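my questions are about this predicted structure, shown below with the sequence.
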Amino acid sequence: MTYVDILIQTIFWTSAACIVYAYVGYPVLVWCLARLVGRSGQPTAVDPAELPSLSLLIAAYNEEAVIRARLENALAMDYPPQKLEIVVASDGSSDNTAKIVDSFADRGIRLLDYRQRRGKMAVLNAAVPELKGEILLLSDANTDIDAAAPKKLARWFQDPAIGVVCGRLILVGRETGKNVDNLYWNYETCLKKCEGRLRGLLGANGAIYAMRKSLWDSIPAGTIVDDLVIPLRAKLQSGCEIIYDAEAQAREEISLNVRGEFRRRVRIGAGGYQSLGLLWRLLDPRRGWIAFTFFSHKILRWVGPFFLLAMLACNLWLFDRPSYRVLLLAQLGFYLLALLALLVPLPTRLLKPLLLSNMFIGMNAAFLVGFWRWLSGRQRGMWERTARRAEANGHTAPDPGRPQMPRASWKTDEAGKGTR
């Protein structure tokens, strides 16, 4: 065996080990650690009179199909009215979004109408200094927040060490409005819970999270994954804790089509690579659990496509060895299963195992495209909207008789979820 062969085999098995660890080993390890050394602290009960003032900020771009239902949902939140501010920042909307929001002015909702479209991050940077609340509640234009969620998020801020609190996002079906969280989303939610217990939570759900306004720092306007960067920058600069509260819930509709979902994942991937320039200091081991979770959950996943390519290339180099021929066939068979799940209609029960391979390969393909878009500077900070349910049905206004939870304008992960 030559030195080159030894090197190629080392690269192959190292790449394989990193992939297995990132998607299987790390979840098992973080679950065990969360139960052995994690903290499951509960917030102290808070009298309504002691709740901090809160500003709900919704950034919107051309959301006329859903914004009315979103504002009605916001007005139904159970929070002391004298301590609640609801603000919509319109990012150069060219439809009736601003006009609809303005019609709610007599009900206490404030419109910040930015006439030129600049992207969500630029709008947030401009809007936050205009807010009055001690706590910022950030959400999307399509999110349906439980009435009790703001109180559940705000109660944590009695502890001065806590700077950001992330709520739980539940995915619902487009037709039924019922919970349709899939295996992968439940997997990501479980990771959030475990990382939260270790005080190593990575970012937030853009649909529902709260943070101290005093921790807000202007973020570069071209930032793509704001709900990853904003909380982690706050942690870097202040050392604050990021908490996950599964009781503070919000709902959003699942993606309308595969192409839209792939574009979303590409954008998340590009945003992940971009965020390294802002968040690399989290990898310092002296930062504790956050260094461990950031490397294991984020960095290894972002490098995952290159591990897969390395495995394939090494397998081809070692094709003359019978054992590696078997491994090559196994790799190609796995990719074929992913393609089959995408193209061939099968009964749901038979399709579920294939969907796992499809999601895994689809995610890594999106990350690879995202890397190229980030490297070439082609991925902008402005998100191109996906179709809303009302628009897909040929309407410009929501149906008041059905749950209004269409796809978000700017959806980034968690958990991410990144990763949905």
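Great, that's in hand. Numbers count the residues shown, from 1 in each chain.

from here on, just use CA atoms for contacts and neighbour counts.
Fine.

what's in contact with the helix or strand where Ile11 lies?
Per DSSP states H and E: Ile11 is located in helix 3-20. Helix 3-20 has contacts (CA atoms under 8 Å, 6 or more residues apart in numbering) with 300-301, 304, 307-308, 310-311, 314-315, 317-318.

tabulate the residues you listed (JSON lines), appending pLDDT and secondary structure.
Conversion of those to JSON lines gives the following (pLDDT from 0 to 100; DSSP: H, G, I helix; E, B strand; the rest coil):
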{"residue": "Leu300", "pLDDT": "96", "secondary structure": "helix"}
{"residue": "Arg301", "pLDDT": "95", "secondary structure": "helix"}
{"residue": "Gly304", "pLDDT": "96", "secondary structure": "helix"}
{"residue": "Phe307", "pLDDT": "97", "secondary structure": "helix"}
{"residue": "Leu308", "pLDDT": "96", "secondary structure": "helix"}
{"residue": "Ala310", "pLDDT": "96", "secondary structure": "helix"}
{"residue": "Met311", "pLDDT": "96", "secondary structure": "helix"}
{"residue": "Cys314", "pLDDT": "95", "secondary structure": "helix"}
{"residue": "Asn315", "pLDDT": "93", "secondary structure": "helix"}
{"residue": "Trp317", "pLDDT": "94", "secondary structure": "helix"}
{"residue": "Leu318", "pLDDT": "92", "secondary structure": "coil"}
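
buried ones in the helix holding Ile11, by neighbour count?
For helix 3-20, the neighbour count (16 or more other CA atoms under 10 Å) marks 8-9, 11-12, 15-16, 18-19 as buried.

out of the residues you listed, who's nearest Tyr61?
The shortest gap between Tyr61 and any of the buried residues of helix 3-20 belongs to Ile19, at 37.7 Å (CA to CA).

OK, contacts around Gly200?
So Gly200 contacts 242, 289-294 (CA under 8 Å, 6+ apart).

low pLDDT regions in the stretch 151-300 of the chain?
173-182, 255-258 (pLDDT under 70).

tell me where it has strands.
162-172, 209-212, 241-253 (DSSP state E, counting those that start in this stretch).

dump the last one to PDB, restricted to CA.
As requested, C-alpha coordinates have been extracted for strand 241-253 and formatted as PDB (Å, rounded to 0.1, in the frame of the first residue of the first chain):
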ATOM      1  CA  GLU A 241     -27.600  33.400  28.100                       C
ATOM      2  CA  ILE A 242     -30.000  32.200  25.300                       C
ATOM      3  CA  ILE A 243     -32.900  30.200  26.500                       C
ATOM      4  CA  TYR A 244     -35.400  27.900  24.700                       C
ATOM      5  CA  ASP A 245     -39.000  28.000  26.000                       C
ATOM      6  CA  ALA A 246     -41.100  25.200  24.400                       C
ATOM      7  CA  GLU A 247     -44.200  26.600  26.100                       C
ATOM      8  CA  ALA A 248     -44.000  29.800  24.100                       C
ATOM      9  CA  GLN A 249     -45.400  28.600  20.800                       C
ATOM     10  CA  ALA A 250     -46.100  30.000  17.300                       C
ATOM     11  CA  ARG A 251     -47.400  28.300  14.100                       C
ATOM     12  CA  GLU A 252     -46.500  28.600  10.500                       C
ATOM     13  CA  GLU A 253     -47.600  26.800   7.400                       C
END
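
run the chain-centre distance for that strand.
Mean-position distance between strand 241-253 and its chain equals 12 Å (CA atoms, centre = their mean, to the nearest Å).

so how do I select the buried members of the contacts of helix 3-20 in ChimeraX?
ChimeraX command restricting the contacts of helix 3-20 to the buried ones, with burial defined by 16+ other CA under 10 Å:
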select :300,301,304,307,308,310,311,314,315,318
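
tell me which of the contacts of helix 3-20 is nearest to Leu56?
Arg301 (32.3 Å).

which residue packs closest to that closest one, ignoring adjacent ones?
With sequence-adjacent residues excluded and distances taken as CA to CA, 6 or more residues apart in numbering, Arg301 is closest to Ala22, at 6.5 Å.

repeat for Asp226
Asp226 sits nearest to Met121 (CA to CA, 6+ apart), 6.9 Å away.

list the buried residues of the helix or strand containing that neighbour.
Assigned by DSSP H and E, Met121 falls within helix 120-127. By neighbour count on 16+ other CA under 10 Å, the buried set for helix 120-127 is 120-125, 127.

can you name every helix or strand that it contacts?
strand 54-60, strand 84-91 (3 or more CA pairs under 8 Å, 6 or more residues apart in numbering; DSSP states H and E).

give me the angle between the next helix or strand after the first one and strand 84-91.
This means strand 54-60. Going down the chain from strand 54-60, the next helix or strand is helix 67-75, by DSSP H and E. Put simply, helix 67-75 runs at 160 degrees to strand 84-91, going by axes from the mean of the first three to the mean of the last three CA atoms, to 10 degrees.

packing partners for helix 67-75?
helix 97-102, strand 144-145.

and the longest one, how far out from the chain's middle?
It refers to helix 97-102. 27 Å.

what of the last one?
In terms of CA atoms, centre = their mean, the centre of strand 144-145 is set 16 Å apart from its chain centre.

all further residue positions should be reported with the first residue as 3.
Fine by me, first position is 3 from now on; the one you just mentioned is strand 146-147.

who's in contact with it?
72, 75-76, 79, 210, 251-254, 406-407.

tabulate those in a markdown table, adding columns for neighbour count.
Output for the contacts of strand 146-147, formatted as a markdown table (neighbours: other CA atoms under 10 Å):
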| residue | neighbour count |
| --- | --- |
| Arg72 | 21 |
| Asn75 | 17 |
| Ala76 | 20 |
| Met79 | 17 |
| Ile210 | 27 |
| Gln251 | 23 |
| Ala252 | 23 |
| Arg253 | 24 |
| Glu254 | 25 |
| Gln406 | 27 |
| Met407 | 27 |
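
quick revisit: just the ones of the contacts of Gly202 in helices?
291-295 (DSSP state H).

filter the residues you listed down to the buried ones and hand me the PyMOL line.
Buried residues within the ones in helices among the contacts of Gly202, by 16+ other CA under 10 Å, are selected in PyMOL with:
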select buried, resi 291+292+293+294+295
